[in-house]
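Colleague: Here is my input, please return the structure:
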Amino acid sequence: MTSTLTISPKMTALIDSMHNPVFVIDESGSLAWCNRPGEQIMGQSRIELLGRQLTDILKKSMLHNILKTGKSESVQKIAIGGKTYVSNHTPILMGKKIVGAMAVLQNISELEHISTELTATRNLSNELTAIIESSFDGIYVTDGEARTIRLNKAYEKLTGLMTGLTCFLNNPKGSRW
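Modeller: Numbers count the residues shown, from 1 in each chain. Below is the predicted model of the structure:
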């Protein structure tokens, strides 16, 4: 079966210039087209990929569902080659007939790494706060310029100073509290 989807040389150049991988399937679910970034993440040339069922190439792809529903789907998470991508799926229409579907992927591996680091940092901060607050000793922490960073309830009881006021007086441009 030959695909009804054809892409002009100008459109090929345009989409090949995109940073994000793009995959296009025809009405039978066969890969009708992909751009250079798509080739790169698959580790195969376009010629090797075209005509194959997308689900044979990307086992967890849900792009074929768009052929049935005709509705776009945003933010489908997919892992390819050890990297995590967000895939946006869109039907390709000729008139009212669905003739294919397109997926545009965005690599979010670095964002996931940063998110994991941020979560770990928040957890450590919460642990440090719990340790400082559980101490019966008065703890008063400043930065290198003597601005108050943290103090605990025991310090408040010993000195009668309130945490928010102390932090504001030592850092009038904005407290960390």
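Colleague: Every contact and neighbour count from this point should use C-alpha atoms.
Modeller: Will do.
Colleague: list the buried ones in the lengthiest helix in the chain?
Modeller: Ranked by residue count, the top helix of the chain under DSSP state H comes out as helix 109-134. Of all the residues in helix 109-134, those buried under the rule 16 or more other Cα atoms under 10 Å are 132, 133.
Colleague: Next secondary structure element downstream of that helix?
Modeller: Using DSSP states H and E, the helix or strand that follows helix 109-134 towards the C-terminus is strand 140-142.
Colleague: Show me what the following helix or strand past that following strand is packed up against.
Modeller: In the C-terminal direction, the helix or strand that comes right after strand 140-142 (DSSP H and E) is strand 148-151. Counting contacts by 3 or more Cα pairs under 8 Å, 6 or more residues apart in numbering; DSSP states H and E, strand 148-151 packs against strand 140-142, helix 163-170.
Colleague: 10 Å - rerun?
Modeller: Judged by 3 or more Cα pairs under 10 Å, 6 or more residues apart in numbering; DSSP states H and E, strand 148-151 is in contact with helix 109-134, strand 140-142, helix 163-170.
Colleague: still on that earlier bit, tell me the helices and strands packed up against the longest helix of the chain.
Modeller: So helix 109-134, by 3+ Cα pairs under 10 Å, 6+ apart, packs with strand 83-94, strand 148-151, helix 153-159.
Colleague: Please export the C-alpha coordinates of the last one as PDB.
Modeller: To tie it back to what came earlier, the one meant is helix 153-159. Output of helix 153-159 as PDB, limited to C-alpha atoms (Å, rounded to 0.1, in the frame of the first residue of the first chain):
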ATOM      1  CA  LYS A 153      12.000  28.200  68.100                       C
ATOM      2  CA  ALA A 154      14.500  27.600  71.000                       C
ATOM      3  CA  TYR A 155      16.400  30.700  70.000                       C
ATOM      4  CA  GLU A 156      13.100  32.700  70.000                       C
ATOM      5  CA  LYS A 157      12.300  31.400  73.500                       C
ATOM      6  CA  LEU A 158      15.800  32.300  74.800                       C
ATOM      7  CA  THR A 159      16.000  35.800  73.300                       C
END
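Colleague: Who's the closest spatial neighbour of residue 98, skipping the chain neighbours?
Modeller: Nearest residue to residue 98, sequence neighbours excluded (Cα to Cα, 6 or more residues apart in numbering): residue 92, at 5.8 Å.
Colleague: burial count for the one you found?
Modeller: Residue crowding around residue 92 was assessed by other Cα atoms under 10 Å; the count is 22.
Colleague: quick one, what contacts it?
Modeller: Residue 92 is in contact with 5, 24-27, 66-67, 70, 72, 98-102, counting by Cα atoms under 10 Å, 6 or more residues apart in numbering.
Colleague: Any chance of CSV for those residues, columns pLDDT, distance to residue 40 and neighbour count?
Modeller: Output for the contacts of residue 92, formatted as CSV (pLDDT from 0 to 100; distance: Cα to Cα, whole Å; neighbours: other Cα atoms under 10 Å):
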residue, pLDDT, distance to residue 40, neighbour count
5, 67, 22, 15
24, 93, 15, 24
25, 95, 18, 28
26, 93, 21, 25
27, 92, 24, 21
66, 92, 24, 22
67, 93, 25, 24
70, 91, 28, 19
72, 92, 25, 17
98, 93, 28, 17
99, 93, 26, 20
100, 94, 22, 27
101, 95, 20, 26
102, 94, 17, 25
